[in-house]
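K.L.:
Let's see this in three dimensions:
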Amino acid sequence: MELLCMWIPVLGSLMFLEISWTRPIEQRIMPEDVKLAEVYLRSFYSLKQNDRNNQGATRRVRSVSAMEDKIREMQNFFGLEETGNLDSHTLDVMREPRCGVPDVDNFSFYPNRPKWKNHTITYMIAKYTPDMRREDVEKSLYLALKMWSNAAPLRFIEVNHGKADIVFTFARRMHGDFSPFDGPRGVLAHAFQPGEGLGGDVHFDEDETWTAGKQGYNLFVVAAHELGHSLGLTHSKDPSAIMYPSYKHSKTPQTLSIDDLLGIQMLYGKPKRKVETQPVAPKKCDPSFSFDAAAVLENEIIFFKSWHMWIRTTRPTYWNRLKEGHISTYLPDITSPIDAAYDIPAKGAAYIFTGHKYWVVQQLKTRSRAGSIYEYGFPSRVRQIDAAVHVSEYGKTMFFTGDFYYRYDENKKKMDPGFPRLIQTDWQGLQRGVDAAFKLHGSLFFLSGAKSYQYDYKQKRVVKIIAGNSWLGC
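P.N.:
Residues are numbered from 1 along each chain as shown. Below is the predicted model of the structure:
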C-alpha cells in the first residue's frame with residue numbers, strides 16, 4: 001500500500017527549464033516533448049526550477065541529472081522501464097488525462113497526516129456544470145461520497161448555505177487557488193486535503209466534457225478519486241485503485257481496491273457496520289456473464305472475472321470439480337482485476353496481465369515476478385491486453401486488443417512482422433473482440449461476450465459455440 005502523504009496544489013507559475021541531453025537516446029526528442037516533461041515533473045514530481053541566470057556547463061549537467069532522476073521516479077511509479085529517458089511510453093503516460101495532485105510527498109506543506117477530526121463532514125455544491133443535469137451532478141457526487149462512507153466511519157451531510165467542509169465547484173483556468181487549470185484534457189480536477197479554508201475542496205475543470213456515462217469524463221469516477229484526497233489520501237501505484245492518478249473508466253465497475261480500503265481505514269478506522277472488504281463474486285450463471293481472462297496451469301483451467309477467479313480441473317475423473325475465490329487468495333502479488341492471461345506448458349508457467357504490467361506465475365499461492373508489456377514490443381498506444389493464447393506447436397503467442405491482434409514469437413522474443421492485423425480477417429467466425437482465450441486438447445477456446453467459441457486452428461474455423469459460463473457448470 002502506498003504511504004499516505006499530504007498535498008496542496010502546486011503554487012506559482014510554471015517556467016521552462018533549459019536542458020541539454022548528454023547521452024544518446026533511442027528516439028529524437030522534440031523541444032515540445034522536453035517542455036511537456038519539465039512541466040509534468042515540476043507539477044507532479046517536485047522537479048526544482050533552475051537558476052536561469054547560471055548558464056555554466058556544471059549547472060546544465062546537474063540539471064540533466066536531476067531531470068533524469070525525476071523521470072526514473074515517474075517511470076517507477078507507473079511501472080515503466082526505468083531508463084531516465086523520455087521514451088515514447090513515458091511521454092504517452094505524461095499525456096494521459098489525470099488528477100492535478102502530485103504523485104510525490106510535499107512535506108513542506110503538510111509535515112503531518114491531516115484528516116478530519118469530526119467524522120461528520122459537511123459538503124456543498126457551489127457551482128454546477130452546464131454539461132449535465134443538476135440531478136445527475138448531485139447523484140454522481142452522492143455516489144462518490146457514499147463509496148468512502150461505506151468503507152470508513154464517516155458521515156456526509158449536504159448544506160445549502162453557510163460554511164461547508166468540502167466545497168465542490170466547476171471552474172476554468174485561473175480560479176482563485178493559484179493552481180490554474182490547463183484547458184481540455186491534461187489535468188481534469190484537483191483537491192485539497194483536510195484543513196481550514198480551501199482544505200477539502202474539490203475543483204473540476206469546466207473545459208472538460210462531464211457526463212454520467214462513458215462519453216467525455218465520468219464525474220462519479222473523477223469525484224471519487226478527488227474525494228480520496230479531500231479525506232487525506234495520496235496517489236496509489238495500483239492501477240485498479242480509485243487513487244491511481246491517471247483517469248480510467250474501464251468495463252469493471254468502479255469499487256475501492258484493497259489499497260484504497262487500507263488507506264482510508266488507516267486514517268479513520270473501520271466502519272461500525274461490517275464492510276465488504278472484497279468484492280462479491282460475480283453471478284456466474286447470469287445469461288449475460290462474460291469473462292476477463294483464462295489460462296491453463298498445473299492441469300487446471302483458471303477463469304478470471306473482476307477480482308474473482310474459478311479453477312476447474314482438466315482431469316476427466318474430477319471434471320466437475322470447481323474451486324473459486326478472490327484473486328489475492330491464489331495470486332498474492334496481484335491485487336488488480338486480470339485483463340488477459342496465457343500459459344506455456346513447456347515452461348510450466350502462466351503469464352498474467354493487468355494494465356501495462358504482467359506477472360509470471362508457476363504455481364498458485366506463491367510469489368511471482370513482474371514485468372512490463374512493452375518488453376514484448378507493443379507500441380506505446382497499447383495500454384492493456386484484452387486476451388492472449390499460446391500455440392505451442394508454432395511457438396507463437398497471439399495477443400488480442402480491441403479489433404486487432406498481434407503475433408509474438410516466443411523463441412525469437414519479438415513480434416512477427418506485419419502485425420497487428422484485424423481479428424475478423426484472420427479468425428473467421430468470431431463476431432466481436434476477444435475477452436479471454438485458452439488452449440485445451442488441441443483446440444483454441446475464445447470467450448467473447450456470453451459465448452465460448454471452440455476454434456480449430458489447423459482448419460481455421462469455429463467448430464462449436466456454447467454458453468461461456470457452461471465452463472463454470474451453468
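K.L.:
Could you pull up phi and psi at H225?
P.N.:
Torsion angles at H225 (phi, psi; degrees, to the nearest 10) stand at phi -70, psi -50.
K.L.:
Just the pLDDT for the closest residue in space to it that isn't next to it in sequence.
P.N.:
Nearest non-adjacent residue to H225, counting by Cβ to Cβ, 6 or more residues apart in numbering: I242, 5.4 Å away. Where you see a C-beta, it was placed from the backbone N, CA and C, and this is true even at glycine. pLDDT for I242: 93.
K.L.:
Quick one: residues contacting I242.
P.N.:
147, 224-225, 228, 236, 254, 256-257, 260 (Cβ atoms under 8 Å, 6 or more residues apart in numbering).
K.L.:
how about a cut-off of 6 Å?
P.N.:
Each residue near I242 by Cβ atoms under 6 Å, 6 or more residues apart in numbering is listed here: 224-225, 256, 260.
K.L.:
Pull the most distant pair out of these.
P.N.:
Largest separation among those by Cβ to Cβ: H225 and L256, giving 11.0 Å.
K.L.:
Comparing these two, which shows the higher neighbour count?
P.N.:
Set H225 next to L256 and count neighbours by other Cβ atoms under 10 Å: H225 wins out with 30 against 25.
K.L.:
Just put the contacts of I242 in JSON lines and tack on secondary structure and pLDDT.
P.N.:
As requested, these are arranged in JSON lines below (DSSP: H, G, I helix; E, B strand; the rest coil; pLDDT from 0 to 100):
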{"residue": "A224", "secondary structure": "helix", "pLDDT": "96"}
{"residue": "H225", "secondary structure": "helix", "pLDDT": "95"}
{"residue": "L256", "secondary structure": "coil", "pLDDT": "88"}
{"residue": "D260", "secondary structure": "helix", "pLDDT": "91"}
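K.L.:
Return the member of the residues you listed nearest to E96.
P.N.:
Closest to E96, out of all of those and judged by Cβ to Cβ, is H225, at 13.6 Å.
K.L.:
Could you tell me how far the closest one is located from Q193?
P.N.:
According to Cβ to Cβ, to the nearest Å, H225 and Q193 sit 13 Å apart.
K.L.:
So which residues of the stretch 1-150 of the chain form helices?
P.N.:
Listed in chain order, the helices of the stretch 1-150 of the chain (DSSP state H, counting those that start in this stretch) span 31-44, 57-77, 88-95, 134-149.
K.L.:
The nearest residue to Q254 once chain neighbours are set aside sits in which helix or strand?
P.N.:
Excluding its sequence neighbours, the residue lying closest to Q254 (Cβ to Cβ, 6+ apart) is V221, at 5.7 Å. Applying DSSP states H and E as the criterion places V221 in helix 219-231.
K.L.:
list the buried ones in that helix?
P.N.:
Buried residues in helix 219-231, counted by 16 or more other Cβ atoms under 10 Å: 219-231.
K.L.:
contacting residues around the most centrally placed residue in the chain?
P.N.:
For the chain, the residue sitting closest to the mean C-alpha position, by Cα atoms, centre = their mean, is P239 at 3.0 Å. The neighbours of P239, taking Cβ under 6 Å, 6+ apart as the test, are 336, 355.
K.L.:
Need the three-state assignment for it.
P.N.:
coil (DSSP: H, G, I helix; E, B strand; the rest coil).
K.L.:
can you list the weak-confidence ranges in the chain?
P.N.:
The chain contains residues with pLDDT under 70 at 1-28, 50-64, 105-112, 250-253, 273-280, 317-320, 366-368.
K.L.:
quick one, domains of it?
P.N.:
Residue ranges for the domains of the chain, per automatic domain parsing: 120-268, 293-472.
K.L.:
Including distance to I29, could these go into CSV?
P.N.:
Listed next are those as CSV, based on distance: least, Cβ to Cβ, whole Å:
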stretch, distance to I29
domain 120-268, 20
domain 293-472, 14
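K.L.:
Of all these, which one comes closest to S43?
P.N.:
domain 120-268 (8.0 Å).
K.L.:
ok, L198 touching A191?
P.N.:
No. Judged on Cβ atoms under 6 Å, L198 makes no contact with A191 at a distance of 9.5 Å.
K.L.:
Which residue of the two possesses the greater neighbour count?
P.N.:
Neighbours were counted for L198 and for A191 using other Cβ under 10 Å; A191 has more, 29 against 17.
K.L.:
distance between the ends of stretch 353-363?
P.N.:
16 Å (Cα to Cα, to the nearest Å).
K.L.:
Name the residues that touch that stretch?
P.N.:
79, 239, 334, 336, 338-340, 348-352, 368-371, 373, 384-385.
K.L.:
Restricted to buried residues, select those in ChimeraX.
P.N.:
The ChimeraX command for the buried members of the contacts of stretch 353-363 (criterion: 16+ other Cβ under 10 Å) is given here:
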select :79,239,334,336,338,339,340,349,350,351,352,368,373,384,385
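K.L.:
just to revisit the earlier point, just the angle between the helix holding V221 and helix 134-149, please?
P.N.:
Angle between the axes of helix 219-231 and helix 134-149 is 50 degrees (criterion: axes from the mean of the first three to the mean of the last three Cα atoms, to 10 degrees).
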